[in-house]
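> based on what follows, work out the 3D shape:
(chains A and B)
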Amino acid sequence: MSGRGGPIRWLFRLGHRRPPPDDAADWEIEHHLAELADRLLEAGWEPEDAWREAERRFGDPGRYRSRMKRIERGRMAMRRRVAWGEFLLEGFAGVWRTARRYPGFTVAVILTLALGIGANAAMFGIVDRLLLRPPALVEAPDQVKRVVIRRPTRTTGELGWGATVTFPDFQDLQAHGGLEGVAAYGFPGERTVGSGEEASRIRTVVVTHQFFPLLGVEPVLGRFFGSDDDAIDAPPTVVLSHEYWRTAMGSDPGVLGGTLELGGHDYTIIGVAPAGFTGVELSRVDAWLPLEATQALQTGSSYWRESRSWWWIRLVARLRDGVSVAVAEEEATGLHRNGRREMIEEERYSAEARIALTPLIAAQGPEPSAEARVARWLTGVSLIVLLVACANVANLLLARGARQRREVAVRLSLGVSRGRLVGQRVIEAIVLALAGGAAALALARWGGSVVRQTLLPGVFFPDAAVNGRVVLVTGALSLLAGVVAGLGPALRSTRTDLAEELSEARRGSSGRRSRARDLLTVAQAAMSVVLLVGAGLFIQSLQELRGRDLGLDVERVVLAGLEFRGNLENAEETDLYMRAAERVKALPVVEAAAATAVPFQFALGVPIRVPGLDSIPELPGGGPYWNPVGPGYFETVGLRVEQGRGIEATDGENDLRVVVVNRTMADTLWPGRDALGECVYIGPRTEECTTVVGVVENAARSGFADLDEPALSFYVPLAQVSQPAQGLYVRGRPGTDAETVAAAVAPLLRSFAPEIRYASAESLWKILEPQARSWTLGATMFTIFGLLALVVAAIGLYSVLAFDVARRTRELGIRTALGAEKRRLLGNVVLEGVRLVALGVAVGLVAAYVAAPYAEGLLYEVDPRDPATLAAVAAVLGAVAVAASLVPGLRATRVDPMVALRTE
Amino acid sequence: MTDGSLGVVQGTLELLVLKTLDATGTLHGFAILEWIRDATDDVLLVEDGALYPALRRMEKRGWLESDWGVSEKGRRARYYRLTPAGSKALRREAERWERYVKAVAKLAPGEAGA
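Numbers count the residues shown, from 1 in each chain, chains lettered A, B, ... in the order given. Predicted structure coming up:
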């Protein structure tokens, strides 16, 4: 007996007369009943009686039929499972065999995919936190909304968004019926813990008592603020973050009831927040303070509570169940406008201001941060890198498929179904991809943490770079990559024009080079071009930014601040700053130092009068800005005095009142004239002239964009005002890094006088750096991804050419034998490589050109179609193409004709 | 049920089918039932239809294989035969049946005819 069903089929020549599976049971029962009826007829029964009797003896056919079918179904399911299991095992066995026979190939595939998938896994972790997930531990985050005000901006009249509100605005919204609650929180601030040498800084946020309950968080230890803690005369309390509790206090549960000395006051520790909770924003928080109690303690007056012009807090609200956002917004707008009715009537506030309730995830709201926007683009970019990696793997698979053509042809001819072979290949690709995915996780862990620390230091990531969601996404991407990379080559390598394949293989040369592989290489080159162009544009943006003339020598200047114990007189504070300046100048790394009453990012506007002018023009940059500064200020910060002189030590309390104006002020108030010697009345009620003794170049006050908008700014001697000094500028010697200077200055300042509680110092670039962060992120990531794609594409090109040379061994051997010049052979191969890449570059440049308008918003003053960048990238690709083609080219020249002609 | 005949326990039906096919080779369902009736002198009676779920189960377990063919009378019928696994199962089940019978004989008083 051989084979299944062989002799039966042969015996009865049934051929293919099988019942459809559903009818098999019926046929069988039918047969049985017929045979039974026959027997009864032979025994003498009447036909109808015979049939009835047959059915009676059989039993209820319906019941048996359904039982048979049930068993049959179970059997089918079991067979399917077994078949699947066999199929998968065969796939794994195939992968194992391939790995052993072609270890280099296997490693190349896994590595390439690891790079591609790893890039995506790292990006996903970041994007997840920035764009996808709401802030940690907030209950029912869909119901929690940010409260923002839409109103026309003063300068342009366009509707702008503002998330900052005043305290009275917050109180207005408390009466809202559609909201379960509203809470306010301030911007994160740095406060000093302790004093003197052991002092440290922590990040704190002030919150109203509704904050924690509204977000639905439970304390890990102790409790959160109650309404009594958040009152003006309440004893000061503080809630610690889990991170801070862990690192600074060793997770000691005994801290409850203890105190934290912040800014000279003792705050009682009443609770610890759960791990990972950072409130509503993404940045790190060390401690939360009750808003009203803390403000009352820190500031004497109550302007923060009553003023409708002091914008300093942000609001979150929780919608009541069943209340729609639109309805809630309407009510909120009504309450807001009502509260500001007086100001609207006096035209001090816009009547069109509206309240909007935006999603909790800031990136989904109307004004996503620049980081969020760049992150969105980077997701696309990392997917492109994955595509490039898949293209490479597909290329490698195609090459291997070509080598195994004969084996495949034989298997197909033996009757293995093509579908099965294709399935095997795809499973192999998936297994390799999963292996790549596992490696990718390791890459993502390292890469992800590096990116987070260096490029996104402001964001607090509660999870590790590789968490559950990242693993899931990595797995899914690996599967996808396996299918994408494996399906094409699988289909290709099992094509059924066998005869041609077999005979070609025998002849030792195979007609055309695979066009699919060429296309893939072209595609890789194109994608690399797009990424590198992006990198070039971002790098240029960064350079534009850094190169902007801010007036101040941002690279060399450090800003230091002092914190005092107790309440000092203004004159005492200024005196301490002056002494600090002297002490600091003694340091070897310091070239100059000067104090100021208005440090960087602060501004004080003061009305002035000029004889001969009816009014002072209002400039887009604002002003006039009043800057009391110490002697040597301009030399310290690097502002060029264009006319006259700067502020000097001789400008004392009892000397002539002098002022140095900036270029804009000189040109605006005294156009066409020399400003020196002119008279200015500073302050609303002065009768005394202040004489202009110098004109200095314009300087930025807080950001990169400042110098685009001219502003009136002037400088007076600190000694001649009663305003206390609040900052110390320090200039490092040429060649010293500003951070080094800052590190030297801070400890000196902390200990040089007993009245100093704390001192900090930061380079100006570090202060400005957050404004450049989105471009830094873009430049770094595009460069990394671009180079990654380039390397992968280069490897791909190399493998295509190497394979091509190997394929043409016979032909090359003949040519060498016939006396072809080595140089021509080499040139031939290199030309092929360059041709492929050139095609890819063309496609890539077109794509970059087309996509340019979308990128404009992300760049800084750089033309997205900048020809220099495009040309540079093309050149780089060209050079890489030549480099990648050299080795195969050289190999082509070294083909030994004797060996070549003998092999097939 | 007619006098003198016993209802058949499911497990023994399967044993009977195995024995039948072992002795005969390839049969369709009806023939298997006829053979069992002949061999046991019609003592063991089964409601005809009960045979078929049993055949399905045995096929699922891999003891039988089946194929469609044409019967002597020219009707389409499903034919069954033992697989090597089925032969092994036959030996196992037969052994078990022996032990069962011996055990029952030890416990039950009297013998046939009393």
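> in chain A, which residue is closest to the centre?
Nearest to the mean C-alpha position of chain A, by CA atoms, centre = their mean, lies A:Ala375 at 3.4 Å.
> which residues are in contact with whichever residue of the stretch 551-700 of chain A sits closest to chain B?
The nearest approach of the stretch 551-700 of chain A to chain B comes at A:Gln601, 80.0 Å away (CB to the nearest CB). (Each C-beta comes from the backbone N, C-alpha and C, glycine too.) Counting by CB atoms under 8 Å, 6 or more residues apart in numbering or on different chains, A:Gln601 touches A:Arg701, A:Ser702, A:Ile767.
> helix or strand: which one has it?
Assigned by DSSP states H and E, A:Gln601 falls within no helix or strand.
> picking that back up, and what about the residue nearest to the centre of chain A, helix, strand or coil?
Put simply, A:Ala375 is helix when judged by DSSP: H, G, I helix; E, B strand; the rest coil.
> got the buried residues for the strand or helix carrying A:Val850?
Per DSSP H and E, A:Val850 falls inside helix A:822-855. Neighbour-count burial for helix A:822-855, with 16 or more other CB atoms under 10 Å in any protein chain shown as criterion, is recorded at A:825-830, A:832-834, A:836-841, A:843-845, A:848, A:852, A:855.
> what's it packed up against?
helix A:515-547, helix A:764-807, helix A:809-817, helix A:867-893 (3 or more CB pairs under 8 Å, 6 or more residues apart in numbering or on different chains; DSSP states H and E).
> okay, the lengthiest helix in chain B in PDB with CA atoms only?
For chain B, the helix that runs over the most residues, judged by DSSP state H, is helix B:84-107. Output of helix B:84-107 as PDB, limited to C-alpha atoms (Å, rounded to 0.1, in the frame of the first residue of the first chain):
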ATOM      1  CA  PRO B  84      -0.600   1.800  11.500                       C
ATOM      2  CA  ALA B  85      -1.600   3.900  14.500                       C
ATOM      3  CA  GLY B  86      -4.900   2.200  14.400                       C
ATOM      4  CA  SER B  87      -3.300  -1.200  14.500                       C
ATOM      5  CA  LYS B  88      -1.400  -0.200  17.500                       C
ATOM      6  CA  ALA B  89      -4.500   1.100  19.100                       C
ATOM      7  CA  LEU B  90      -6.300  -2.100  18.300                       C
ATOM      8  CA  ARG B  91      -3.800  -4.100  20.300                       C
ATOM      9  CA  ARG B  92      -3.900  -1.700  23.200                       C
ATOM     10  CA  GLU B  93      -7.700  -1.600  23.400                       C
ATOM     11  CA  ALA B  94      -7.900  -5.400  23.000                       C
ATOM     12  CA  GLU B  95      -5.600  -5.900  25.900                       C
ATOM     13  CA  ARG B  96      -7.600  -3.400  28.000                       C
ATOM     14  CA  TRP B  97     -10.800  -5.200  27.100                       C
ATOM     15  CA  GLU B  98      -9.200  -8.500  28.200                       C
ATOM     16  CA  ARG B  99      -8.300  -7.100  31.600                       C
ATOM     17  CA  TYR B 100     -11.700  -5.600  32.000                       C
ATOM     18  CA  VAL B 101     -13.500  -8.800  31.200                       C
ATOM     19  CA  LYS B 102     -11.300 -10.800  33.600                       C
ATOM     20  CA  ALA B 103     -11.800  -8.300  36.400                       C
ATOM     21  CA  VAL B 104     -15.600  -8.400  36.000                       C
ATOM     22  CA  ALA B 105     -15.600 -12.200  35.800                       C
ATOM     23  CA  LYS B 106     -13.800 -12.300  39.100                       C
ATOM     24  CA  LEU B 107     -16.300 -10.100  40.800                       C
END
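> just to revisit the earlier point, state the mean pLDDT of the helix holding A:Val850.
Mean pLDDT, helix A:822-855: 87.
> got it, and stretch A:599-619?
85.
> just stretch B:86-102 next, same as before
The average pLDDT within stretch B:86-102 is 89.
> need the contact partners of that stretch.
Against stretch B:86-102 from outside (CB under 8 Å, 6+ apart): B:11-12, B:14-15, B:18-19, B:21-22, B:58, B:61-64, B:82.
> stretch B:64-80 near chain A anywhere?
Yes. Stretch B:64-80 reaches chain A (CB under 8 Å from any CB of the partner chain) through B:Glu65, B:Asp67, B:Trp68, B:Gly69, B:Val70, B:Ser71, B:Lys73, B:Arg75, B:Arg76, B:Ala77, B:Arg78, B:Tyr79.
> report the buried members of these.
B:Glu65, B:Asp67, B:Trp68, B:Gly69, B:Ser71, B:Arg75, B:Arg76, B:Ala77, B:Arg78, B:Tyr79.
> quick one: the residue of the stretch 651-800 of chain A found nearest chain B from A:Ala362, how far?
Among all residues of the stretch 651-800 of chain A, A:Ser799 sits closest to chain B, at 48.3 Å; criterion: CB to the nearest CB. A:Ser799 sits 45 Å away from A:Ala362, going by CB to CB, to the nearest Å.
> where does chain B dip in pLDDT?
In the predicted model, chain B carries pLDDT under 70 at residues B:1-11, B:43-46, B:109-114.
> cheers, nothing more for now.
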